[in-house]
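Student: Test case, fold it:
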Amino acid sequence: MGLLGWIETTLKPRLQKKEQNQNQEQRVKVNKSKLQTHRRKFEQLTMKEEDIAGYLQRVDEVVNIMRGLGEEIDESKVVEKILRSLPAKYDSKVSAIEEIKDLDSLSKDKLHGILAAYEMRTESDNPTKGEAAFKTSKKAHKHRTSSVCSSEDDEEAHFSKRLQ
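Tutor: Model (predicted):
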């Protein structure tokens, strides 16, 4: 076995293994960095001007990415995060859920159903911005119509006085 044979059988496999280890270490660093980014996103999640389904979808996206990167997240941790990050209009419902339900056994799907039903009930009690704007414009139109009618009535009365 000559020098080339020794390089092929001994040195080349060692160099390949060292390169694979370096690539693996680099992938681990990248995954850790991505995981840190998504942990921060998870911690900073709050419900914005969206419905409960949209917010829970955003939470699911972040959680699924974190799980894909190797993070183990209990469903109870996700449920607690959702309850903490809801806006003030959900405070009474969150309090009721915390008192009545065992948060460790409450699934995210069950929570979604509870919050969606609450959202539908509260929205039916309070008109949306679009409905409120429509009602306001309808009132304004009615007011304009009645003022036009009253001015027409005034003109008609004035005209009949002149005829007499």
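
Student: gap between residue 19 and residue 25?
Tutor: From residue 19 over to residue 25 the distance is 11 Å, taken as Cβ to Cβ, to the nearest Å. C-betas here are computed from N, CA, C, even on glycine.

Student: Check which residues of the strand or helix carrying residue 34 are buried.
Tutor: Remark: residue 34 resides in helix 12-44, with elements defined by DSSP states H and E. The neighbour-count criterion (16 or more other Cβ atoms under 10 Å) identifies 35, 38, 41-42 as the buried residues of helix 12-44.

Student: next one: stretch 42-57
Tutor: Residues 42, 45, 47, 52, 55-56 are the ones in stretch 42-57 that count as buried (16+ other Cβ under 10 Å).

Student: Excluding its own residues, what touches it? List them.
Tutor: For stretch 42-57, the surrounding residues in contact (Cβ atoms under 8 Å, 6 or more residues apart in numbering) are 58-59, 62-63, 66, 81-82, 85-87, 108, 112, 115-116, 119.

Student: And those residues, which is closest to residue 5?
Tutor: Within the contacts of stretch 42-57, distances to residue 5 taken as Cβ to Cβ reach their minimum at residue 66, with 49.1 Å.

Student: Excluding residues flanking it in the chain, which one is nearest the closest one?
Tutor: The shortest distance from residue 66 to any residue other than its chain neighbours is 4.8 Å, reached at residue 38 (Cβ to Cβ, 6 or more residues apart in numbering).

Student: Quick check: pLDDT value at that neighbour.
Tutor: Reading off the confidence values, residue 38 has pLDDT 94.

Student: Same check on residue 63?
Tutor: On the pLDDT scale, residue 63 is placed at 96.

Student: what secondary structure does it sit in?
Tutor: Of the three states, residue 63 takes helix under DSSP: H, G, I helix; E, B strand; the rest coil.

Student: Out of the buried residues of stretch 42-57, which is nearest to residue 74?
Tutor: When the buried residues of stretch 42-57 are compared for distance to residue 74 (Cβ to Cβ), residue 42 wins out at 12.8 Å.
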